[in-house]
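*Asks:* I'll drop the sequence and a predicted model, then ask my questions.
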Amino acid sequence: MAKPVQIEVWNPNGKYRVVSTKSMPGTRWINLLIQQDCRLEICTEKKTILSVDDILALIGDRCDGVIGQLTEDWGETLFSALSKAGGKAFSNMAVGYNNVDVEAANKYGVAVGNTPGVLTETTAELAASLSLAAARRIVEADEFMRAGKYEGWLPHLFVGNLLKGQTVGVIGAGRIGSAYARMMVEGFKMNLIYYDLYQSTRLEKFVTAYGQFLKANGEQPVTWKRASSMEEVLQEADVISLHPILDKTTYHLVNKERLALMKKEAILVNCSRGPVVDEVALVEHLRENPMFRVGLDVFEDEPYMKPGLADMKNAVVVPHIASASKWTREGMATLAALNVLGKIKGYPIWSNPNSVEPFLNENATPPAACPSIVNSKAIGLAVSKL
Ligand SMILES: NC(=O)C1=CN([C@@H]2O[C@H](COP(=O)(O)OP(=O)(O)OC[C@H]3O[C@@H](n4cnc5c(N)ncnc54)[C@H](O)[C@@H]3O)[C@@H](O)[C@H]2O)C=CC1
Ligand SMILES: O=C(O)C(=O)CO
């Protein structure tokens, strides 16, 4: 039997029971739920990752909807329990939803929400930060200073890579990958090579226009190329950033063989999901190629790192913080709450989940729609005419 979990209750007499498996940033999401007659229960357990049993206890016998986290295993067991408790709505507080078995949700008619549109720039900025940190050896140099080892300027001290004029490679040029590409092209005048299953015409147009602008100003124009294979990107780029979704096609996309194709002094950045990279192979590659560098926000077995990674001077590692700006995290909380609320209220789904600004305006009532439901077609939800 599932043991009880600690909760904080808002609006105890609300008609609809909504559970949030974690406390989330900001208060707007709480206010939006309680103003619309929800009794909100926020789990206050100290443990970071809730188990399926913990969440079963939170769902209980009657629950209209749950806001959950990317660390949780939302599969058959939880969707079946939620459905049995009368629930029809779940939202991840995340854009990625590889922790959710959408087929299982479909089976029980439960809507699955995610939060695109508020993470794009924040996540791309962290990928850009990791690219720079790796290129200019910022973490190594910081540790050196703090250890009192600095004895004065030296010609060879922490020499790194110049990005200007080099090639940035993007694998998965969706919302975040494209935003990152634009930052690196415009900010550092890098040429672009990208690989995606789909063409990114907007990105190509942006680089073309920026190249023309540079040329008109007497500077070397930047260029772009859509690669016909991932291997082409790995072979040609100096800095490669991974931004695909995690699914069967992207699991261990970067493995031992593909690492071997990369330039010896290349930089690899991963702000997508840990299992996109074979981390054991990566540690071996870092060990054998000291000039090769990585910037990692995500890990194969979070919260753990594969043995040896923490000892690698040529790795910059941060704890899955790519979306951690106040604006983004509050926006994610708002969108996740509105996904659940919208489904409970029987609202249709928003017509463009990439354009969610109307839901974020603090001074206006949000539209009567669910901002982003990934299985809307499968469970037959209507599209909003707003
Ligand atoms: N580290 C972090 O904190 C964050 C991580 N993420 C991760 O980033 C992922 C991407 O987010 P968005 O850009 O918003 O999603 P998106 O759906 O806009 O972009 C994903 C892109 O990957 C491409 N893709 C899919 N399979 C591919 C394959 N086999 N090879 C090459 N490209 C492929 C898609 O065509 C698409 O263009 C999320 O699913 C999530 O897992 C997102 C936000 C924050
Ligand atoms: O939204 C996501 O997918 C995340 O990884 C949040 O940081």
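*Replies:* Cool, the structure landed. Ligands and ions are numbered 1, 2, ... in the order given.

*Asks:* which bits of the stretch 101-250 of the chain sit near ligand 2?
*Replies:* residue 119 (C-beta under 6 Å from any ligand atom). Where C-beta positions appear, they are placed from N, C-alpha and C, glycine not excepted.

*Asks:* can you name the residue of the stretch 101-250 of the chain nearest ligand 2?
*Replies:* residue 119 (5.2 Å; C-beta to the nearest ligand atom).

*Asks:* can you read off the pLDDT for that residue?
*Replies:* Listed pLDDT for residue 119 reads 98.

*Asks:* check the gap between the nearest residue to it once chain neighbours are set aside and residue 36 for me.
*Replies:* Of all residues not flanking residue 119 in the chain, residue 323 sits nearest, at 4.6 Å (C-beta to C-beta, 6 or more residues apart in numbering). According to C-beta to C-beta, to the nearest Å, residue 323 stands 26 Å off from residue 36.

*Asks:* compare those two (neighbour count), which wins?
*Replies:* Each of residue 323 and residue 36 has its neighbours counted (other C-beta atoms under 10 Å); residue 323 has more, 24 against 18.

*Asks:* hang on, the earlier thing: correct me if wrong: the residue nearest to residue 119 contacts residue 124.
*Replies:* No: taking C-beta atoms under 8 Å as the definition, residue 323 is not a contact partner of residue 124, at 10.4 Å.

*Asks:* buried set for stretch 183-197?
*Replies:* 183-185, 188-196 (16 or more other C-beta atoms under 10 Å).

*Asks:* typo on my end, it should be stretch 320-334
*Replies:* Of the residues in stretch 320-334, those buried (16+ other C-beta under 10 Å) are 320, 322-325, 328-334.

*Asks:* stretch 153-169 near ligand 1 at all?
*Replies:* No: remark: stretch 153-169 sits outside contact range of ligand 1, by C-beta under 6 Å from any ligand atom, the gap being at least 11.7 Å.

*Asks:* and residue 54, its phi and psi?
*Replies:* The phi/psi pair for residue 54 (degrees, to the nearest 10) reads phi -60, psi -40.

*Asks:* nope, residue 226 is what I was after
*Replies:* Main-chain dihedrals, residue 226, degrees, to the nearest 10: phi -90, psi 120.

*Asks:* tell me the bridge partners for it.
*Replies:* Residue 226 has these beta-bridge partners by DSSP bridges: residue 194.

*Asks:* identify the residues contacting residue 182.
*Replies:* With contacts defined as C-beta atoms under 8 Å, 6 or more residues apart in numbering, residue 182 is in contact with 203, 206.

*Asks:* quick one, helices of the stretch 151-300 of the chain?
*Replies:* Remark: helices assigned in the stretch 151-300 of the chain by DSSP state H, counting those that start in this stretch are 175-188, 201-216, 230-236, 256-261, 279-288.

*Asks:* tell me, how many residues neighbour the residue nearest to residue 215 when sequence neighbours are not counted?
*Replies:* Using C-beta to C-beta, 6+ apart and skipping residues adjacent in sequence, the residue nearest residue 215 is residue 221, 4.3 Å away. Residue 221 has 16 neighbours, counted by other C-beta under 10 Å.

*Asks:* what separates residue 208 from residue 223, distance-wise?
*Replies:* Distance of residue 208 to residue 223, computed by C-beta to C-beta: 9 Å.

*Asks:* one step back: closest to ligand 1 out of the buried residues of stretch 183-197?
*Replies:* Nearest to ligand 1 among these, with distances taken as C-beta to the nearest ligand atom, is residue 196, at 4.5 Å.

*Asks:* my guess is the closest one contacts residue 175. True?
*Replies:* No: judged on C-beta under 8 Å, residue 196 makes no contact with residue 175 at a distance of 11.4 Å.

*Asks:* any idea how far the residue in the stretch 51-200 of the chain that ligand 1 sits nearest to is from residue 252?
*Replies:* Residue nearest to ligand 1 within the stretch 51-200 of the chain (C-beta to the nearest ligand atom): residue 174, separated by 1.8 Å. For residue 174, the distance to residue 252 (C-beta to C-beta) stands at 20 Å.

*Asks:* quick check: which ranges of the chain have low pLDDT?
*Replies:* Regions of the chain meeting the criterion pLDDT under 70 cover residues 1-3.

*Asks:* name the element residue 126 belongs to?
*Replies:* In this structure, residue 126 is located in helix 120-135 according to DSSP states H and E.

*Asks:* what helices or strands is that helix leaning on?
*Replies:* helix 175-188, strand 239-242, strand 267-270, strand 293-296, strand 315-317, helix 326-345 (3 or more C-beta pairs under 8 Å, 6 or more residues apart in numbering; DSSP states H and E).

*Asks:* what's the angle from the longest one to helix 120-135?
*Replies:* Relative orientation of helix 326-345 and helix 120-135, computed by axes from the mean of the first three to the mean of the last three C-alpha atoms, to 10 degrees: 140 degrees.

*Asks:* buried residues in whichever helix or strand comes after helix 326-345, which are they?
*Replies:* Using DSSP H and E, the next helix or strand after helix 326-345 towards the C-terminus is helix 357-360. Within helix 357-360, the residues scored as buried using 16+ other C-beta under 10 Å are 359-360.

*Asks:* dump the C-alpha coordinates for helix 357-360 into PDB.
*Replies:* C-alpha atoms of helix 357-360 as PDB (Å, rounded to 0.1, in the frame of the first residue of the first chain):
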ATOM      1  CA  GLU A 357       2.000  34.800 -24.900                       C
ATOM      2  CA  PRO A 358      -1.700  35.400 -24.200                       C
ATOM      3  CA  PHE A 359      -1.500  32.800 -21.400                       C
ATOM      4  CA  LEU A 360       1.400  34.600 -19.800                       C
END
